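S.K.: Following is a predicted model, sequence given first.
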Amino acid sequence: MFSYLRAKKKQEILPKLIEMQGGFRCFYCKKYLDGTDYIYEHLDGDRQHNDIGNIRLAHQGCNIKKIHSAEYQVMAKDELEKESEKCLKERKNEDSEHYTTEIEINIQCRNYTKKFLDEHIATDGSILYSDALWSIVNDLNEKYNHGSEQAVRRYLNALCSMTGKYMIIKNDDGKREIVRRNQN
Ligand SMILES: [Zn+2]
C-alpha cells in the first residue's frame, strides 16, 4: 500500500501548516519560502508518518542540511515533543468532557427514578416493579435520549434497599411490587 504524502493531502494541510508556522516560512531557518523551493519535511524522518504533527514546511536545502546539523535535529526533536504533549492535553480534555456527561446522565437517571416512585406511590400506594422499570426507561429515553434498563434497575434497587424509602414485596399474584417502607 502506498502511504507517502499525496498531493491532495499536501494541499489540505498547507493552510494549517502556514498558520502553525506563523507564515509561509521554513521551519528550520525561519526565512520565508517563495513557493517553489519548499518540501513537506517529516520531523522524525519517517516519510510514511503523515500526521500533521510530524510535518513542517521547510526549504529543500534546510532538509538536506539537517542530516549533518545537530541544531536542526534538536529543533525537529523539540517540535515533536511539543506536538505529543499537545496531543496528550487534547485527549485529557476529551476524557474529562466524557466523564462529566456520564455523571450528568447518571444524576438525571437517578433523580427521575426517585421522582417517578415518589409521585406514583403517593397517589396509588404501590406500583408493580416491572411497570415502574419500563415506564422509567421509556420516559428517560423520550426526555433525554438515554436510560438503560440496567441503570434504572440499579436505581430502583437502591431506592428499595434496607436504607431506602421503599421496599419490594410480592403481591397476591406473586408479582413484585414497590411500596413505601414502614417507618416504625
Ligand atoms: Zn530554510
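M.R.: Looks like it arrived, so ask away.

S.K.: Tell me which helix or strand the residue most central in space within the chain sits in.
M.R.: The centre of the chain sits closest to Glu94, judged by Cα atoms, centre = their mean, with a distance of 4.2 Å. Taking DSSP states H and E as the criterion, the element that holds Glu94 is helix 70-124.

S.K.: List the buried residues in the helix or strand following that helix.
M.R.: Next helix or strand after helix 70-124 toward the C-terminus (DSSP H and E): strand 126-128. Within strand 126-128, the residues scored as buried using 16 or more other Cβ atoms under 10 Å are Ile127. In short, each C-beta sits where N, CA and C put it, glycine included.

S.K.: and what of stretch 4-13?
M.R.: Using 16+ other Cβ under 10 Å as the test for burial, stretch 4-13 gives 5, 13.

S.K.: could I have it exported to CSV, CA atoms only?
M.R.: Only the C-alpha atoms of stretch 4-13 are listed here, as CSV (Å, rounded to 0.1, in the frame of the first residue of the first chain):
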residue,chain,number,x,y,z
TYR,A,4,3.6,8.5,1.3
LEU,A,5,2.1,12.0,1.5
ARG,A,6,-0.1,12.6,-1.5
ALA,A,7,-0.7,15.8,-3.4
LYS,A,8,-4.3,16.1,-2.2
LYS,A,9,-3.3,15.7,1.4
LYS,A,10,-0.5,18.3,0.9
GLN,A,11,-3.0,20.8,-0.4
GLU,A,12,-5.3,20.1,2.5
ILE,A,13,-2.8,20.6,5.2
